[in-house]
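Enquirer: would you be able to build a 3D model of this:
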Amino acid sequence: MSENTRATRPVGNARLLKDGSIVAESMLSPASFVVRAEVWIPPRRVIPVVFLPGIMGSNLKVKPGSEGTVRKRMGLPGNSRIPIPWRPPNGKVEGAREIKKWKKIDPRMRQALLSDDTTTVDDTGFLAAQVDGMPLSNLTSLNDEEAYFRGWGTVHWDSYGEFLIYLERELRNLQDPRLFLDPQTPIATLDDPMIYAAAEWWPLLHAGDPKQSSAPAAFKVTREDLKKLAHCWFPVYACGYNWIKSCADSGQHVLDTIEKILEVYTSLKSSTGKPLFKCEQVILVTHSMGGLVARWAAKNDTKKRILGVLHSAQPATGAPLAYRRTAAGTEPGGFIQNQFAKIAGKTQAETTPVMGNSAGALELLPTKQYPKGWLQLERQNAADGGVRTLAALPKGDPYQEIYREKKAWWRMVDPELLDPAGRFTNKGMDPWVMGYLKFLSQAETFHDKLGDYYHPNTYVSYADDPAHLSFGTVHWRVSTSFGPLGQRVKDDEILYCRLRKDPWEEGLSGRRPLAVFRPTGARSMGDNQPVLAEAATLMAAIQPQDAPGDGTVPRQSGEAPRKASPRERTFALRGYDHQGAYGHESPRRFTLWAIAKLISETT
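Expert: Residues are numbered from 1 along each chain as shown. Prediction:
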């Protein structure tokens with residue numbers, strides 16, 4: 001690493017060829033232009049950084065050979081065009097177009113498009129040609145071909161693209177010699193054309209000093225940390241996965257992908273056959289569900305390919321939001337949230353055919369390790385508005401007490417909504433047994449086998465933000481809808497009342513009309529059973545979010561890794577929502593700090 005700090009301009013299209021050589025192209029300049037061209041030469045020790053997105057953060061396409069099956073389930077003619085199953089929109093124009101598209105897709109089409117047996121990862125997703133007016137190649141030294149090769153096209157760009165650029169840029173900037181100048185020497189000045197290079201490491205070097213940095217003291221790195229980092233090359237990859245399938249399947253996909261990544265570098269040899277790079281392990285950086293996938297991969301990493309795992313926004317023990325969305329559709333919120341609901345599904349009829357037939361989605365439900373009593377059935381007194389809790393579930397096993405419940409009015413899954421595409425019924429199979437219960441069993445097995453396992457080198461950040469409330473508990477609150485008899489209904493009658501057919505479909509949007517039946521005194525002529533009649537009509541409604549978090553993952557789940565990861569590696573942060581986690585400086589700086597500490601402690 002040169003100590004020459006004269007002004008340079010990076011040549012942004014430097015490429016590593018298959019023979020291990022570095023090639024870059026630059027325009028000729030006049031002799032009066034004295035800023036030198038700089039070509040980046042990577043260190044010979046390579047530790048790839050592999051990013052794993054959250055649920056719905058991976059692009060999906062129809063699996064080759066499954067087109068006929070999808071068309072049949074959708075009820076389309078033989079050569080009809082099939083919509084892309086899942087490629088979230090990028091930008092406002094594409095977002096408006098995607099909302100218009102999904103408004104036309106009914107529950108049958110949703111199930112047909114988003115099934116585990118007909119989808120696979122799409123690696124051709126959108127990559128922005130420019131970010132803030134600057135070409136991708138100038139920001140990262142990667143051209144589009146290299147970015148796609150590294151899997152960047154497998155993940156949603158608007159959610160993760162700028163974070164991938166951030167990681168790639170900052171980890172390459174470790175080769176900037178100004179980071180290692182004397183502590184009294186400013187790393188960059190306002191007229192320095194390379195001030196961009198030190199944008200993030202400078203705040204971390206001075207973390208805790210409010211005069212020089214906004215980073216908290218806990219995120220402080222030292223120049224010794226950076227010197228260790230500078231001896232390594234950290235190429236940034238993305239690994240999308242089929243989030244409809246079990247996280248166990250996705251975990252194996254990650255392990256297979258790691259082997260392919262390592263082979264890229266270990267296969268490069270000199271003319272004498274000597275390896276050009278040493279590449280033995282990777283670092284996993286995760287978001288949301290990607291944390292569950294990474295933990296499974298790490299637990300089954302028999303070759304010890306994973307050096308460490310960095311989690312942000314992980315639903316470590318599940319999230320009650322998964323129950324809410326399956327049982328009642330996507331929760332309403334602000335403008336952006338309401339637009340997202342149009343794509344993800346506003347009603348139970350739209351969400352159940354996908355989530356009820358997806359082991360991956362069901363693995364986001366609260367596990368047996370989540371605090372008990374997270375599903376609460378409440379009664380609101382019509383007279384004074386007072387609220388009392390009638391039952392709090394689960395007392396033990398959520399699978400038996402909640403998820404497998406088929407008839408109670410607070411059930412999560414309505415069997416009649418599971419199979420509008422006929423995936424199971426057209427074959428004479430019960431979609432409750434052969435579909436939902438099968439996928440649920442996969443989820444339970446995944447949770448039981450994963451347990452509270454975390455990689456020994458685990459670093460965690462999660463949100464504990466009262467400004468972004470999450471469902472820590474789901475409250476079904478029952479109140480009198482109409483009729484004076486509702487005030488005299490007994491508590492047990494509320495717990496065991498029946499669902500009513502709702503002509504306004506309120507029951508499909510977070511509200512469920514209930515009916516209380518009582519004996520009339522008469523008996524049926526056939527079997528001499530008591531004749532029941534409807535005595536009261538009630539309304540049950542899910543209440544708003546109640547726990548600090550990030551709007552999706554509540555604190556109760558986010559902080560769960562504290563039991564396994566040392567306190568100095570686990571951070572509660574604020575200021576961002578779930579999907580925007582890696583767009584905020586705190587999780588970004590946490591990631592750089594954690595990589596620095598991981599390398600410092602393990603090499």
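Enquirer: how about the strands in the stretch 501-603 of the chain?
Expert: Assigned strands in the stretch 501-603 of the chain, in chain order: 511-523, 530-542, 547-549, 570-573 (criterion: DSSP state E, counting those that start in this stretch).
Enquirer: and for the stretch 301-450 of the chain?
Expert: Secondary structure of the stretch 301-450 of the chain (DSSP E, counting those that start in this stretch): strands at 306-312, 375-380, 387-393.
Enquirer: and of those strands, who's closest to Ala463?
Expert: Checking the strands of the stretch 301-450 of the chain against Ala463 by Cβ to Cβ gives strand 306-312 as the closest, at 8.8 Å. Where C-beta positions appear, they are placed from N, C-alpha and C, glycine not excepted.
Enquirer: and that closest one, what does it pack onto?
Expert: Secondary-structure packing of strand 306-312 (3 or more Cβ pairs under 8 Å, 6 or more residues apart in numbering; DSSP states H and E): strand 282-287, helix 289-299, strand 458-463, helix 585-602.
Enquirer: what ranges in the stretch 351-500 of the chain fall below the confidence cut-off?
Expert: Residue ranges of the stretch 351-500 of the chain with pLDDT under 70: 480-487.
Enquirer: how is the protein carved up into domains?
Expert: The record's domain split for the chain, according to automatic domain parsing, is 320-371+396-472+547-602, 372-395+477-544.
Enquirer: which one's the longest helix in the protein?
Expert: The helix that spans the most residues within the chain, counting by DSSP state H, is helix 247-266.
Enquirer: so it versus strand 306-312, what angle?
Expert: Interaxial angle, helix 247-266 versus strand 306-312 (axes from the mean of the first three to the mean of the last three Cα atoms, to 10 degrees): 130 degrees.
Enquirer: and Gly153, which of the domains of the chain is closest to it?
Expert: In terms of Cβ to Cβ, the element of the domains of the chain nearest to Gly153 is domain 320-371+396-472+547-602, at 17.5 Å.
Enquirer: first-to-last residue distance for that closest one?
Expert: Counting by Cα to Cα, to the nearest Å, you get 37 Å between the two ends of domain 320-371+396-472+547-602.
Enquirer: and for stretch 447-459?
Expert: Stretch 447-459 has an end-to-end distance of 21 Å (criterion: Cα to Cα).
Enquirer: give me the contacts around that stretch.
Expert: With contact meaning Cβ atoms under 8 Å, 6 or more residues apart in numbering, stretch 447-459 is reached by 248, 292, 294-296, 298-299, 306-311, 318, 363, 367-369, 560-561, 563-565, 569-570, 590, 594, 597-598, 601-602.
Enquirer: cool, and stretch 377-390?
Expert: Against stretch 377-390 from outside (Cβ under 8 Å, 6+ apart): 376, 391-393, 410, 475-480, 486-487, 491, 494-495.
Enquirer: go with 6 Å
Expert: By Cβ atoms under 6 Å, 6 or more residues apart in numbering, the residues outside stretch 377-390 that reach it are 376, 391, 475-480, 487, 491, 494-495.
Enquirer: now Pro456: phi and psi?
Expert: Main-chain dihedrals, Pro456, degrees, to the nearest 10: phi -60, psi -30.
Enquirer: now it: how far from Ala560?
Expert: Distance of Pro456 to Ala560, computed by Cβ to Cβ, to the nearest Å: 17 Å.
Enquirer: higher neighbour count, these two?
Expert: Neighbour totals were compared for Pro456 and Ala560, and Ala560 leads with 24 against 11 (other Cβ atoms under 10 Å).
Enquirer: gap between the two ends of stretch 59-79?
Expert: One end of stretch 59-79 to the other measures 23 Å (Cα to Cα).
Enquirer: report the contact partners of the closest residue to Ala344 other than its chain neighbours.
Expert: Nearest residue to Ala344, sequence neighbours excluded (Cβ to Cβ, 6 or more residues apart in numbering): Thr330, at 4.8 Å. Thr330 makes contact with 341, 344-346, according to Cβ under 6 Å, 6+ apart.
Enquirer: closest one to His287 out of these, please.
Expert: Once Cβ to Cβ is applied, the member of the contacts of Thr330 that ends up nearest His287 is Ala344, at 17.0 Å.
Enquirer: confidence score at the closest one?
Expert: At Ala344, the model reports a pLDDT of 88.
Enquirer: run a quick neighbour tally on it.
Expert: Per other Cβ under 10 Å, the neighbour tally for Ala344 reads 19.
Enquirer: hmm, back to that, nearest to Lys274, of the strands of the stretch 501-603 of the chain?
Expert: Closest among these, using Cβ to Cβ: strand 570-573, at 42.0 Å.
Enquirer: tell me the strands beside the closest one, with direction?
Expert: strand 458-463 (parallel) (DSSP bridges).
Enquirer: from the middle of its chain, how far away would the strand it pairs with be?
Expert: Distance of strand 458-463 from the chain centroid (Cα atoms, centre = their mean, to the nearest Å) equals 14 Å.
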